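**Q** Compute the structure for the input listed below.
(2 chains)
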2 protein chains.
Amino acid sequence: MATQEKTVSTSSDDSKGNGAPPLVKRRGLEGVVALDSELSDIDGQKGQLLYRGYDIRDLAENTTFEEVAHLLWKGHLPTRAELDALHEQLQAERALPATTLEMLKQVPDDANPMAVLRTIVSALAFVDDEADEMSPEANYRKALRIASRMPTILAAYDRLRKGQDPMAPLANVSTAYDFLYMLNGEEPGEAAERTFDACLVLHAEHGLNASTFTGRVIGSTLSDMYSAIPGAIGALKGPLHGGANIEVRKMLMEIDASGQSPAAYVKQKLANKERVMGFGHRVYKVLDPRATILSDMLEELSREKGEMQWYDISHEIMETMEAEKGLAANVDFFSASIYHMLGIDIDLYTPIFALSRVTGWTAHLLEQWSDNRLIRPRAEYVGPRNLTATPIDER
Amino acid sequence: MATQEKTVSTSSDDSKGNGAPPLVKRRGLEGVVALDSELSDIDGQKGQLLYRGYDIRDLAENTTFEEVAHLLWKGHLPTRAELDALHEQLQAERALPATTLEMLKQVPDDANPMAVLRTIVSALAFVDDEADEMSPEANYRKALRIASRMPTILAAYDRLRKGQDPMAPLANVSTAYDFLYMLNGEEPGEAAERTFDACLVLHAEHGLNASTFTGRVIGSTLSDMYSAIPGAIGALKGPLHGGANIEVRKMLMEIDASGQSPAAYVKQKLANKERVMGFGHRVYKVLDPRATILSDMLEELSREKGEMQWYDISHEIMETMEAEKGLAANVDFFSASIYHMLGIDIDLYTPIFALSRVTGWTAHLLEQWSDNRLIRPRAEYVGPRNLTATPIDER
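**A** Have a look, this model is predicted:
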């Protein structure tokens, strides 16, 4: 092999353009502001999250998921007429085209539901005549279409893998109601609908997290929504991102099965330098405001069902983590128990996150395309140089 | 609606962690070095591209696509035994599982081939028992599996949409040979194989371009390869990225149909302040080294076929752009004509780019996971604050 000398220089990408500012190096892009956004603001010191200027607590108490979707997509909370129109449009798109359902039926029963969502959303391009049409109007229609169909895909897949027939969506109901109905085959109670709707509100948008960022990078090449959303779903699937709520549920089940007290379990984990899932957040230095709301909802749901077990375990873990490490619970910590109380299978927790966050993803894409600029950083080359290819039989 | 006050602060994401360096703002991440990489180095002043220390001209002349894939994945050019083993592994994976082929048959004839590739690669997760297994060994096997099957997917889809039966892959041939065979249903000539193989070598890797970056962002959440590669395919689909070679071909056909001289056409475009596709590059200030090699290959292929038309038009455009704007041709400018001379349909040009670049994408993922760090920048919030949700009937 030829001589290797280690030197350092920068490499870039295939994009066209001119002029370059001086290089700055930030591994993992930590603390780099990549773009302006009007979609959400997070104040970690105050524990505050705003969607387009509205506090998340205000939205969770006083608006529905569809109102929030309208806020994210259109920039303002809807009037009654606007909301009625949005409901109508979402319902008109909810059912899956026959060929999409046919494809879904071919997916094996043991597939990862996030892989199913990723694949079938990608395949929705095949049944959309305006898949590659990039006008703002067409992109808005696609945002609605994708957001409307994701609950149907997930509910249908869950029934198919259990040997049940998929349910057709209902008319004149909310996304939350329709999803729970299509999933369970029966109309949900008022408390279940209200709780699930609030979960959708709370997960809809959260700045430039890894999945939203993925969507915007893909969108910034002027690729289409059926390319960007499966990419975002793929990123959300990761255990360092949306996959965390599944890990929380596994921990709760482990504590329950072990017979240990939650406090003892947590202390032992910490003594072993193992991670306790659902705690700590880069931005929130106080309690994640979404966690506070979810904790209240879990308490209400638990009292209604007369089953306080998971609420009690959760709070003992929370108090122990607070006392031992000074860490507060994050959004994943309580959503896990709420979904469990609603009778939802554990591997659907992250896909449900996606059903909600798709509103944020698509709103970010509409924002990206309103003033597009290719997003791409550089890598620093740290490999060898000046090698020459020796003929293969002399290597 | 409530009062709006415009202020600026930063928002972040859902990831966990502690400690934050001071913020730096770079729109589109221009000039931000996000990570170290040993995969490729680009010197725009010298017009030089290295894969792991080897000059691209050296590799295009003296190695094959499979040798380059081994170099990218394993870090060194293979010995004869290593290359034989790699060929065997690639061939063992090349055929599509029956259920994948069944899904492909349900795709409509008029689908965008990039959407097909994106969807079916995503669906390969369903037929891979180790789809979510994240050991380095499993990830390497998946890199091979995906790279091996992408040519089969693309060739099979092209035949299906033309009403032809998909061809089974051959044994003991190169990726280039097998793809051309599966696409056309007949064994390719030596010149076609050699030219196509060199095209695959030239497109395999190019730093942290938008598709590679997309793959690494998805991978950085510890999501899996079947999530990251469809995301990268989605990004490559964009006209600001891999979609450019299609635009070049459209321009050549337009010139041919117009009866104008290429020089007159270009001057008119420039006078109208319209863009001439296939020129200029952020990094290369001199001729893109890949363009030089492709120009020579196009000349050779054109002489062999006795059809100099596209070569001549291309060079007249090139000379005009050089004289008028001082801009050099980039990699997309010549690949378009080569694929046309090889009898390949225009909408397969970008997917062919993907068949090659998947080696770079997967090599970047293996590198990412060898020392993972979540990749996510921030957004600066530039929207309103202090809004409160008025009851819907009062809006």
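
**Q** looking at chain A, which helix or strand does the model trust least?
**A** strand A:9-11 (a mean of 32; mean pLDDT, DSSP states H and E).

**Q** what's the following helix or strand after it?
**A** As assigned by DSSP states H and E, the chain's next helix or strand after strand A:9-11 is strand A:24-25.

**Q** Show me how chain A divides into domains.
**A** Here the domain parsing of chain A from automatic domain parsing is A:1-32, A:40-242+A:347-370, A:244-341.

**Q** Now do the strands in the stretch 1-150 of chain A.
**A** Ranges of strands within the stretch 1-150 of chain A are A:9-11, A:24-25, A:32-37, A:40-43, A:48-51, A:54-55, based on DSSP state E, counting those that start in this stretch.

**Q** Helix, strand, or coil at the closest residue in space to A:Phe279 that isn't next to it in sequence?
**A** Sequence neighbours aside, A:Leu327 is the residue nearest to A:Phe279 in space, at 4.4 Å (criterion: CB to CB, 6 or more residues apart in numbering or on different chains). All C-beta spots, glycine's among them, are computed from the backbone N, C-alpha and C. Of the three states, A:Leu327 takes coil under DSSP: H, G, I helix; E, B strand; the rest coil.

**Q** which residues sit in contact with A:Leu327?
**A** Contact analysis of A:Leu327 by CB atoms under 8 Å, 6 or more residues apart in numbering or on different chains lists A:Phe279, A:Gly280, A:Met321.

**Q** quick one: which of those residues is nearest chain B?
**A** A:Gly280 (5.0 Å; CB to the nearest CB).

**Q** how many neighbours does the residue lying closest to A:Met341 once chain neighbours are set aside have?
**A** Take A:Met341 and drop its neighbours on the chain: the residue closest to it by CB to CB, 6+ apart is A:Leu301, 5.0 Å away. For A:Leu301, the neighbour count with other CB atoms under 10 Å in any protein chain shown is 20.

**Q** how far away is A:Leu301 from B:Leu35?
**A** 43 Å (CB to CB, to the nearest Å).

**Q** A:Glu394 too?
**A** Separation of A:Glu394 from B:Leu35 (CB to CB) stands at 34 Å.

**Q** Next: A:Tyr140.
**A** Look at A:Tyr140 and B:Leu35: by CB to CB, they are 35 Å apart.

**Q** Tell me which residues of the host helix or strand of the residue nearest to A:Met341 come out buried.
**A** If you go by DSSP H and E, A:Leu301 is part of helix A:289-305. Residues A:Pro289, A:Arg290, A:Ala291, A:Thr292, A:Ile293, A:Leu294, A:Ser295, A:Met297, A:Leu298, A:Glu299, A:Leu301, A:Ser302 are the ones in helix A:289-305 that count as buried (16 or more other CB atoms under 10 Å in any protein chain shown).

**Q** Stretch A:35-53 too?
**A** For stretch A:35-53, burial by neighbour count (16+ other CB under 10 Å) applies to A:35, A:37-44, A:47-53.

**Q** ok, the closest residue to A:Gly28 other than its chain neighbours - contacts?
**A** Excluding the flanking residues, the one nearest A:Gly28 by CB to CB, 6+ apart is B:Arg373, at 4.2 Å. Residues in contact with B:Arg373 (CB under 8 Å, 6+ apart) are A:Arg27, A:Gly28, B:Leu35, B:Ser220.

**Q** A:Glu193 is in contact with the residue nearest to A:Met341, correct?
**A** No: when contacts are counted by CB atoms under 8 Å, A:Leu301 is not listed as touching A:Glu193 (11.8 Å).

**Q** I figured A:Thr362 hits A:Met225, correct?
**A** Yes: counting by CB under 8 Å, A:Thr362 does reach A:Met225; the two are 6.8 Å apart.

**Q** who touches both of those two?
**A** Taking CB under 8 Å, 6+ apart as the contact rule, A:Thr362 and A:Met225 both touch A:Lys142, A:Ala143, A:Ile146.

**Q** Mind pulling the model confidence for the closest residue to the first one other than its chain neighbours?
**A** The one in question is A:Lys142. Leaving out its chain neighbours, the residue that sits closest to A:Lys142 by CB to CB, 6+ apart is A:Met225, at 4.6 Å. pLDDT, A:Met225: 98.

**Q** ok, A:Met225 touching A:Leu365?
**A** Yes: assessed by CB under 8 Å, A:Met225 is found in contact with A:Leu365 at 6.1 Å.

**Q** Who has more neighbours out of those two?
**A** Each of A:Met225 and A:Leu365 has its neighbours counted (other CB under 10 Å); A:Met225 has more, 32 against 24.

**Q** For that one, give me its contacts.
**A** A:Met225 makes contact with A:Ala131, A:Asn139, A:Lys142, A:Ala143, A:Ile146, A:Gly219, A:Thr362, A:Leu365 under the criterion CB under 8 Å, 6+ apart.
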